[in-house]
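1. Let me see the structure of the following:
(4 chains)
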Number of protein chains: 4
Amino acid sequence: MATRVAINGFGTIGKRVADAVAAQADMEIVGVTKTGPSFGCELAVRRGFPLYCTSDDAGRVAAFSEGGYECAGGLSELLAAADVVVDCSPGKMGAENLTKYRKAGVKAVFQGGEPHALTGLSYSSSANHDANLGADATRVVSCNTTGLSRTLVPLWEACRSLAVECTMIRRAADPGDSGKGPINAIKPVLKVPSHHGPDLMTVRPEISINSLAVAVPTTIMHVHAIVATLPSGHGLTTDAAVELFRAQPRVIVMHGGDSRITTTAEVMEMARDIGRRWGDLHEIFVWEDGVKLVGDTLYYFQAIHQESDVVPENVDAIRALTGSEADWRASVAQTDAAIAAAHGSA
Amino acid sequence: MATRVAINGFGTIGKRVADAVAAQADMEIVGVTKTGPSFGCELAVRRGFPLYCTSDDAGRVAAFSEGGYECAGGLSELLAAADVVVDCSPGKMGAENLTKYRKAGVKAVFQGGEPHALTGLSYSSSANHDANLGADATRVVSCNTTGLSRTLVPLWEACRSLAVECTMIRRAADPGDSGKGPINAIKPVLKVPSHHGPDLMTVRPEISINSLAVAVPTTIMHVHAIVATLPSGHGLTTDAAVELFRAQPRVIVMHGGDSRITTTAEVMEMARDIGRRWGDLHEIFVWEDGVKLVGDTLYYFQAIHQESDVVPENVDAIRALTGSEADWRASVAQTDAAIAAAHGSA
Amino acid sequence: MATRVAINGFGTIGKRVADAVAAQADMEIVGVTKTGPSFGCELAVRRGFPLYCTSDDAGRVAAFSEGGYECAGGLSELLAAADVVVDCSPGKMGAENLTKYRKAGVKAVFQGGEPHALTGLSYSSSANHDANLGADATRVVSCNTTGLSRTLVPLWEACRSLAVECTMIRRAADPGDSGKGPINAIKPVLKVPSHHGPDLMTVRPEISINSLAVAVPTTIMHVHAIVATLPSGHGLTTDAAVELFRAQPRVIVMHGGDSRITTTAEVMEMARDIGRRWGDLHEIFVWEDGVKLVGDTLYYFQAIHQESDVVPENVDAIRALTGSEADWRASVAQTDAAIAAAHGSA
Amino acid sequence: MATRVAINGFGTIGKRVADAVAAQADMEIVGVTKTGPSFGCELAVRRGFPLYCTSDDAGRVAAFSEGGYECAGGLSELLAAADVVVDCSPGKMGAENLTKYRKAGVKAVFQGGEPHALTGLSYSSSANHDANLGADATRVVSCNTTGLSRTLVPLWEACRSLAVECTMIRRAADPGDSGKGPINAIKPVLKVPSHHGPDLMTVRPEISINSLAVAVPTTIMHVHAIVATLPSGHGLTTDAAVELFRAQPRVIVMHGGDSRITTTAEVMEMARDIGRRWGDLHEIFVWEDGVKLVGDTLYYFQAIHQESDVVPENVDAIRALTGSEADWRASVAQTDAAIAAAHGSA
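-> Numbering: from 1, shown residues only, chains lettered A, B, ... in the order given. Below is the predicted model of the structure:
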C-alpha cells in the first residue's frame, strides 16, 4: 500500500516535494495546505492535490470557497488521512507543528530551516539514511548542508578523517523574490564562523568543518569554495577525487573549459535542458577543472541549486521513516528514476 | 501524413522549436543540425532527434563520431528528407541558407534576427497568418515584435487606427550568457528611433509605431512601456481594453497587486509553475493594474519572455506555409494544446 | 551679510546641500540636524558644521554627548539662528516641520519628496526662479522633475507648445542602500500614468506631459526616454535641438559613440573625473547621438544622477527666497563656480 | 629638489597615481602619457599635467594636436625629464617598457598586473619598504595582494608563523566598465589554487598562503574571506587581533552592526563621505564583528577598493626607490597627510 503523504506548506519547497512524492509508485499525496485562497492554490488545483487549510479555524477554512477554491478541511483532517507529513511551513513553526503531528500519530519530515534540536535527528541520504530508519521525525538538512554532504561524505569515507574550511558564496534572493537586495554589493555574514558548515556534523559528526559566508547579487545558485585537509597517507590524487565525486549519486561533474559551463548561469541553463519541472537541478555541480589536490589539501568548487537539491532527499527521508527501503542507494535510485519518468527528463 | 520538419541550428531557439514541433500530431522532426560534436548534442540524442551537420563537408561530418555522436549526414541530406526547414542559425547566415533551401525545394521559416527583406514576408499568427498561406518562405518576427503584435493587433482591429510609441526595456543578456554586461548600468540604444517598434509594420502595416530601447542588467524578460493613441470616437474604456487583451490567445492578464506579481521575477516564477520545459512562458504578460486609458491615450506595460514567445509561432508558421490550417485561431489552439499535453503543463 | 542657512536632516541630500551652501560666499551653514549620535555625525564634525538635534527633547539632545558628539541644542535653537532652513528630513514630516519653521519666522526650502500642495510653490532654476523671489517657502522639485525641467523648459521656450510622453527607467536603490532589490528583474510602476512627469507642471504648467516608470537593478542613475511632440512649424532640426540642450546650464551633451560613454556606468565614471565630492554629477547628461527629430517628434535619452542634480538647485532656491539674486542664470553661474572652486573640480 | 615623476599610462590607476604624486611636497609630475587624443586627455589638461604620447612615432605625436590637445612629445622625451616613471600601461607591456626605462636611466615602478619576475622585486609598504630602498625597479603588488599585506603582515609579525587560506570574492567589472558580465551568476576561477594569495609571498615569503577566487556581479569592491592558522602559543585573542588591525596604517576597522555598514555598498558610501577624489578608499576595510578567533584559527572578512588601495603605495614605492625616506611608517604618514590636504578629506 502506498505511503499517504501530506505536505504542510505548499510554497517554494512544498510544491516541489509534492511533485516529487506524487511521481513515486510507493507514495501518494493526500493533501497540501495553504494559509488561505491565494494565487498559489492554482497549482494545487491543476495538479489535483486536495487543498487543506494550515489552520483548523472554521472561518479560515471557509475563506477558501469564498476565494473560489474547494478546501477539504483543516490541518487536523489532513493529518488524520496521512502516514507521513512533510513540513514545509515557513520558519519557526516547527515546535508548534511537531506537537500537532505527534498528537495525530503521524511521522514528520522537517526542513533545514528548523534547528536540529527540534527532532534531535537530521537526514541526508548519503550520510545517515540508516540512522533514520523507523524514526518518528527527522529534519532534512538545508540546501547547503545537503550539498556539503554529497561530496564530503564520500571523501570522508575514502579518508576517514577530514578537516574542512568552506566559504559559501550565497545567492542573496530566490529568483521569484524581487524585494531583497543587494543590487551591487557583497554582504559578509558577520556571524563568524557561520552556521552552514557545522550543520553537516548533525548527519556526519566525524567531519570537522567550519565555514564563512557572504551573500552576493545573484538569484540562481550558491557556490561553495571548499578547502579540505586530508589525513597524511590518504592515497588520493586529484583524478581520484574527481572520480570519487563522479561516482556519487546526485553529483554532476563536468569540465568547465570543455563544456563552456564557466559560471552558475551556464550550469542552470544546462539544468533547464535536463527538463525537470521548474528547470530544477537536484544534483550538486562540481567543476572538474576546479578540483585540485595540493599536498594534503583538496580544493574544489561546487554549485548548489538552493530551491531543489533537497527535494529528492525528502522522498528518501519518507522511506527512511517508514522503513520501506533500508538501502540508501536503492532509495535514491528509485526516487530519481520516478522523477525522471514523470518529468520526461534525462 | 505528418509534415517533415528540419531544424537548422539547435541552440536557444532551435531546441525549443524542435520540442514544440515534436509535440504536434501533424508534424515530425526529421533532424536537427549542430556545427560539431559540442555539448549541445546531448539534448538532441536524449530527445531522439537525428543529428546532422550544418555543413556538407565530409571532415566536419566525421568529426561528430570522433566526438562520440552519431551524425546522419550534412545539411543537404537533412533537407532532402524534409518538407519544411526552420532556420535557427545564428545571425547573418540567412541569405546563404535561403539559397540552399530553395535549391532543395524545401519551404523555410526564418527567425526575427533576419531582415524582412530576406523573404519579403514576415509572420505573426494573430496579424497575418492568412497572408502566409502556401508561401515558400517566411520570417517569424522577433520576440519583441511578436509581443507587440499580440496586444496591438487586436487593439488596432477594435479601433482601425493606432499611433504607438513604445519604450522597450530590454534584458541585457540571456540567462545562460555570463559574458555580457552591464552589471550596474542602463544602456540606451543610440539608434533612435530603434528598429524594434517599426518591425511590427512588416506584419501589420496599418499600425503607425516608433520605439526607443534601453538595455538593463537583468536576464529574464523584456518589458514594453506602451503609449497608444486611439482615434477619437474609439469607444473603448480601460476595462474594455483589459478584456480585449484577456480574450487574445497567448496573452495572460493578471492583477499585479492582487497576485503579488509585481516584477518580471514573479512573472517568471509563475511561468515555472505552469510547467513548460525550460520554465518557458509562451504568453505575453500584461499587468491588469498597469492598463489605463487617459483621454484617447492607452498606457500599458507588458513583459516578454525573450527565449520562448516565438516558439509556438514557428509551429503556426509551418502550418501557414504548408497550408494545412487556414484559420489562425485554430492553428494556435492546436499548437498550444499539443505543447501543454507534451509538457504536462496547464 | 551672509544668509544663515540651517539644514534639517543631514543624510544623503542634506550633507550634499550643506557642502554646496558652505561653498557659497553669500551663505553660511549655522547648523545641521541629526536624530541622534549615529555614525553620520562624523561628517558634520569633520566639516565643522554645528550639530543640532531634530527634536527639542532634552533627553534626545543629551544623548549626543553620551554618544561622544557635542550637540548645540534642539531644532528650535537652530531655527532661531537661521534665516533659511533647508528641509532634508525623510518623507512625510513636511507639514509638521513647516508649522515649526513658520512659527520661528524662518524661510524654508523643501525637497521633492514632499507634495507641491505643502507650500503651493515649487522651484526649478530654469523654469520659475522669478516666481519664487521673496517667497516664504518653496519645494525644490525631485531629481527626475529637475532633469525634465533642464531640457524640456528650453525646448518649450523655443517652441511655445509641447506634448511629452516620458518613460523613466529608474535605479531601484541608491548606491549605499544594500537592502532593496530587485537583483534580477524589471518592476513596472503600476500607478499609470506615473506621478513623475506631471510634476513638471508644478514649475512650468504650459508643458503637457505624462509618464510611465519602471525600476531596474542598478544603483547609479535614472534614464529618461523622452518623446516630445513639437507644434507644427516649430522650425527645429535635430542639430538645433542638440545645440539648445548644449547651451543650457547644468546640461552636458556628449556623443556616446565618440567618447565611448555608452551607458550610465561610463557617465558616472566621467563624473568622478570631474572631481566633485562624492563623485557627484550635478548636470543632466544627454547623449548627442540619441537625439533625433522625426517629423514633429523629438526623441532623446537623458541620464539623471538621483543623488545630486537637485543639490545646486537648493542653493539657487535659497537665493530666490531671500531675493538676493533675481536672475536665475546669474544665480546658477555663481552657485556652480563656488562649488567648482571648493571641490577643486572642472 | 622634488623627485620628477612620469606616469606612463593615464587610465584608471595612472590618473589616480598622478593625482596622489602631485599632492606630495617632495614630488612633481613632469608628464603623463596617452596613446592618442582620446577623451581621457581632458583630465590631464584640466589638472595641468603635460601630455606625452606613449610612442615616439612622429605621426602619433602629431595626432594629438589634430585632436585638439597639445602634446609635449613622445615617451623618450618624457623619460629624459624624469627621475622615476610609474608604469600604468595595460598588461603585458612591462618587459618592453622596462628596456626603455633602463636605457633612459630612469627608475621604474610597475603595477601588479606585471609578473614579479619582471623586476625580481615587489613592493608593499608594510611588508618590505626597506628591501626596496635604492632599487632601480620594483612592482607594487596588486590591489588584492596589497589588501592581504595590510592585515597579514602585522599578524605574521605578531605570531612569526602563519598558514592562510583565503577565498577572494571579486567584483566582476570596474564601475566604469559596462561591457563585462555576469549579470546574474557566480564565476569560479578554475585555476586552483588561484594566483592571488601566493603573490603575497613576493613581499613576505614567510607567510604560507593559498587562495580560491570567484567573480560576482558587483562593481565596487572585492571581499576576502580569510582563514589564518596561528602557531600554537600565539597568545592572541579576538580582541587583540582587532586591535592589531586597528593600529595598522591604511586599515579601517568598524563594527558592521553598530555603524550599519553591513555590505560593501555602505563601505563605499562611507568612503564617499571621507571625500577623496573619485570617492576612493585607500584603506582596507575590516568588519570588527566579523573577526573571530576559534582555537588557533583566526577568521575575518576584509573589503578592498580595487581601483585605489594601491595608489598611495605607488607614492611610497617612489620614495623607496629614490631612498628619500627609509622608514615605511614615516613615508606612509607623509603620503596620506599630503593626499588628505589636497582632497580636503578627513
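2. Kindly report the residues of the stretch 101-250 of chain A close to chain D.
-> The stretch 101-250 of chain A comes close to chain D at residues A:165, A:167, A:169, A:171, A:182, A:184-188, A:190, A:192-193, A:210, A:212, A:214, A:216-221, A:223, A:225, A:227, as judged by Cβ under 8 Å from any Cβ of the partner chain. (Glycine included, C-beta is placed from N, CA and C.)
3. So which bits of chain A are right by chain B?
-> Checking chain A against chain B by Cβ under 8 Å from any Cβ, the hits are A:15, A:39, A:42-43, A:46, A:175-178, A:183-184, A:219-220, A:258-263, A:265-266, A:268-270, A:272-273, A:275, A:277-279, A:342, A:344, A:346.
4. Can you go through these and name the buried ones?
-> Buried subset of the residues of chain A next to chain B (neighbour count, 16 or more other Cβ atoms under 10 Å in any protein chain shown): A:15, A:39, A:42-43, A:175-178, A:183-184, A:219-220, A:259, A:261-263, A:265-266, A:268-270, A:272-273, A:275, A:277-279, A:342.
5. what about the most centrally placed residue in chain A, distance to D:Cys41?
-> By Cα atoms, centre = their mean, the mean C-alpha position of chain A lies nearest to A:Val310, the distance being 1.4 Å. A:Val310 sits 57 Å away from D:Cys41, taking Cβ to Cβ, to the nearest Å as the criterion.
6. Check A:Gly279 too.
-> Distance of A:Gly279 to D:Cys41, given as Cβ to Cβ: 49 Å.
7. Repeat that for A:Thr297.
-> From A:Thr297 across to D:Cys41, the span is 49 Å (Cβ to Cβ).
8. Also A:Val141?
-> A:Val141 is 59 Å from D:Cys41, by Cβ to Cβ.
9. and A:Ser232, what does it touch?
-> A:Asp296 (Cβ atoms under 8 Å, 6 or more residues apart in numbering or on different chains).
10. need the next SSE after the one helix or strand in chain A whose mean pLDDT sits lowest, C-terminal direction.
-> Least confident helix or strand of chain A, by mean pLDDT, DSSP states H and E, is helix A:256-259 with a mean of 88. For helix A:256-259, the succeeding helix or strand toward the C-terminus, using DSSP states H and E, is helix A:264-274.
11. what about the nearest residue to A:Gly36 once chain neighbours are set aside, neighbour count?
-> Distances taken as Cβ to Cβ, 6 or more residues apart in numbering or on different chains place A:Ala63 nearest to A:Gly36, at 5.5 Å, with adjacent residues excluded. Number of residues near A:Ala63 (other Cβ atoms under 10 Å in any protein chain shown) recorded here: 17.
12. What strand or helix carries A:Ala63?
-> Going by DSSP H and E, A:Ala63 is in helix A:58-66.
13. list the helices and strands that helix packs on?
-> strand A:51-53 (3 or more Cβ pairs under 8 Å, 6 or more residues apart in numbering or on different chains; DSSP states H and E).
14. Tell me the strands beside the strand it packs on, with direction?
-> Applying DSSP bridges, strand A:51-53 is found paired with strand A:27-34 (parallel).
15. Return the mean pLDDT over the helix or strand that comes right after the partner strand, rounded to an integer.
-> Scanning forward in sequence from strand A:27-34 by DSSP H and E, the next helix or strand is helix A:41-47. Averaging pLDDT along helix A:41-47 yields 93.
16. next one: helix A:41-47 to chain centre, how far?
-> 22 Å (Cα atoms, centre = their mean, to the nearest Å).
17. Also within reach of chain C: list those from the buried ones among the residues of chain A next to chain B.
-> Restricting those to those near chain C by Cβ under 8 Å from any Cβ leaves A:175, A:177-178, A:183-184, A:219.
18. JSON lines for the residues you listed, including distance to A:Ala81?
-> Below are these laid out as JSON lines (distance: Cβ to Cβ, whole Å):
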{"residue": "A:Pro175", "distance to A:Ala81": "33"}
{"residue": "A:Asp177", "distance to A:Ala81": "33"}
{"residue": "A:Ser178", "distance to A:Ala81": "37"}
{"residue": "A:Ile183", "distance to A:Ala81": "46"}
{"residue": "A:Asn184", "distance to A:Ala81": "49"}
{"residue": "A:Thr219", "distance to A:Ala81": "37"}
